[in-house]
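# Below are the sequence and a predicted model for it; my questions follow.
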Amino acid sequence: MTITDAPPVARPVGRRRMVWTVLLWLSLVPATIWLVARTFGWDAGFWVQFLAFTPYVAIWTLIPALGALIARRWAAAAVAVLISFGFASAVVPRVVADGDRGPATGVELRVMTSNMLFGGADATEIVRLVRDNDIDVLAVQEFTEHGQQALRAAGLEQLLPYQQLAPEWGASGSGLYSRFGFAEQASRRNDGGFQQAHAAVQVPGAGTIYVESVHPLAPSSRDTLSGWSADLRDQVPADGGLPKILMGDFNATLDHKPLRDLIDTGYRDAADTVGKGWIATWGPYDGDPIPPVTIDHVLADDRIGVKDVQVHSVKDSDHRAVIAWLTLPAA
């Protein structure tokens, strides 16, 4: 009897290759949709919330690009690299300091914004940040009467004696505290129902500037989307009039077109300008597995220089305080 080797089993190499190719192409579909939506400002339904996580998606797009290159699926690799490049163009500039930061000389102004989470943030910590960083103007959101009393007890009014305050129960209150006096001051209720304190601040050596504590409605449901869009659309544009600073909880990241449109009226995002635009300012600290995002901003119009930005955690708040060192043109 003759013993022969068993014939080799044919492996479905072609089928396996086809499956991997299909999976690679399918992995590119959601990233493509995401990039198009981010670029053209599609913010229907809950999609507007997902856009806040664009930097995380940008990092993820490197995986299918690398996988396609390793597998030598050249067509898929070309598309994947183009998608990654599109995301990189949108988010990488945030970690690169701008060559043009505005005027480098003039009168220094230090500003800070802090969302107090229904007035319950640690007032002592906020006042310490104001004192240690020699803050000239402080904007607060979710500002309640309890928060006002706590800040007073912590000594804020001795540091920043000029005020435009609109405390309210819940999340709708707003306030401005300043080292310098006001030429005009008021508070307006935006379309979403939140107060926004604002004032014409008289800065010695620099004249008068406009400052507003910004707090658009959060796009937390379909019912709030129109209010959110209207609030961002109705913020004061930078062009013309007094030099302007808008700071607060914008409930929007640089991946939301309404915020980019506001910036395009003549503002600089301070953190983005100095290469710190990826530093997260809001995150759910109650155990929810949601990545932190950057929704608190200091916007300074193009007539104002940006020297530096710092972000600090504040106990008992889900937002981090943002401090910006600005340069105002001398009067």
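The structure has been received and is ready for your questions.
# ok, now how distant is residue 106 from residue 307?
Going from residue 106 to residue 307 by CB to CB, to the nearest Å gives 10 Å. No exception for glycine: its C-beta is placed from N, CA and C like everyone else's.
# Please identify every residue contacting each of the two.
Here residue 106 and residue 307 have residue 327 as joint contacts, going by CB atoms under 8 Å, 6 or more residues apart in numbering.
# Contacts only, for residue 136.
109-111, 160, 178-180, 203.
# cool, and residue 323?
110-112, 129, 133, 135, 309-312 are the contacts of residue 323 under CB under 8 Å, 6+ apart.
# With neighbour count and secondary structure added, can I get the residues you listed in a markdown table?
Below are the contacts of residue 323 laid out as a markdown table (neighbours: other CB atoms under 10 Å; DSSP: H, G, I helix; E, B strand; the rest coil):
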| residue | neighbour count | secondary structure |
| --- | --- | --- |
| 110 | 18 | strand |
| 111 | 23 | strand |
| 112 | 24 | strand |
| 129 | 18 | helix |
| 133 | 16 | coil |
| 135 | 24 | coil |
| 309 | 22 | strand |
| 310 | 17 | strand |
| 311 | 16 | strand |
| 312 | 17 | strand |
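# What is the nearest of these to residue 97?
Nearest to residue 97 out of these is residue 309 (CB to CB; 10.5 Å).
# ok, residue 319 touching residue 296?
Yes: assessed by CB atoms under 8 Å, residue 319 is found in contact with residue 296 at 5.7 Å.
# ok, these two, which is more surrounded?
Set residue 319 next to residue 296 and count neighbours by other CB atoms under 10 Å: residue 296 wins out with 27 against 24.
# Tell me how far the closest residue to the more buried one other than its chain neighbours lies from residue 102.
Spatial nearest neighbour of residue 296, excluding adjacent residues (CB to CB, 6 or more residues apart in numbering): residue 281 at 3.8 Å. Distance, residue 281 to residue 102, using CB to CB: 22 Å.
# Comparing these two, which residue is more hemmed in?
Comparing residue 281 with residue 102 by other CB under 10 Å, the one with more neighbours is residue 281, at 24 against 21.
# Give me the pLDDT value at the more buried one.
pLDDT, residue 281: 97.
# How about residue 225?
87.
# so where's the protein shaky on pLDDT?
Residue ranges of the chain with pLDDT under 70: 1-14, 16-17, 20, 285-288.
# For it, which segments count as helices?
Using DSSP state H, the helices of the chain run over 13-40, 47-50, 54-60, 62-70, 74-91, 123-132, 145-153, 156-159, 222-233, 257-263, 270-273.
# For the longest one, name the packing helices and strands.
The criterion is 3 or more CB pairs under 8 Å, 6 or more residues apart in numbering; DSSP states H and E, and the helices and strands that helix 13-40 contacts are helix 54-60, helix 62-70, helix 74-91.
# same question, the fifth one
Helices and strands touching helix 74-91, as assessed by 3+ CB pairs under 8 Å, 6+ apart, comprise helix 13-40, helix 54-60, helix 62-70.
# what separates the residue nearest to residue 57 when sequence neighbours are not counted from residue 243, distance-wise?
Nearest in space to residue 57, with sequence neighbours left out and distances taken as CB to CB, 6+ apart, is residue 34 at 5.5 Å. Relative to residue 243, residue 34 is positioned 36 Å away (CB to CB).
# More neighbours: which of the two?
residue 34 (24 against 20).
# hang on, the more buried one packs against residue 53?
No: assessed by CB under 8 Å, residue 34 is found out of contact with residue 53, at 9.3 Å.
# can you pull the contacts of residue 245?
For residue 245, the contacting residues are 111, 137, 209-212, 298-301, 304, 326, by CB under 8 Å, 6+ apart.
# same check, this time on residue 93
The contact partners of residue 93, by CB under 8 Å, 6+ apart, come to 272, 277.
# what does the one 5 residues further on give?
Applying CB under 8 Å, 6+ apart, we find residue 98 in contact with 268, 272-275.
# and the chain, what are its domains?
Listed domain ranges for the chain are 13-94, 103-328 (source: automatic domain parsing).
# hey, which of those domains is tucked in deepest?
Stretch with highest mean neighbour count among the domains of the chain: domain 103-328 (a mean of 20; mean count of other CB atoms under 10 Å).
# gap between that one and the chain center?
Centre-to-centre, domain 103-328 and its host chain are 11 Å apart (CA atoms, centre = their mean, to the nearest Å).
# ok, and the closest non-adjacent residue to residue 189?
Nearest non-adjacent residue to residue 189 (CB to CB, 6+ apart): residue 195, at 5.6 Å.
# again, but for residue 147
Nearest residue to residue 147, sequence neighbours excluded (CB to CB, 6+ apart): residue 119, at 3.1 Å.
# separation between the one you found and residue 158?
20 Å.
# what's the answer for residue 143, then?
Relative to residue 158, residue 143 is positioned 19 Å away (CB to CB).
# Kindly report the same for residue 251.
Counting by CB to CB - residue 251 and residue 158 are separated by 32 Å.
# related to what we said a few turns ago, which one among the contacts of residue 136 gets closest to residue 58?
Of the contacts of residue 136, the one sitting nearest to residue 58 (CB to CB) turns out to be residue 111, at 29.3 Å.
# Having no further points to raise, I will conclude here.
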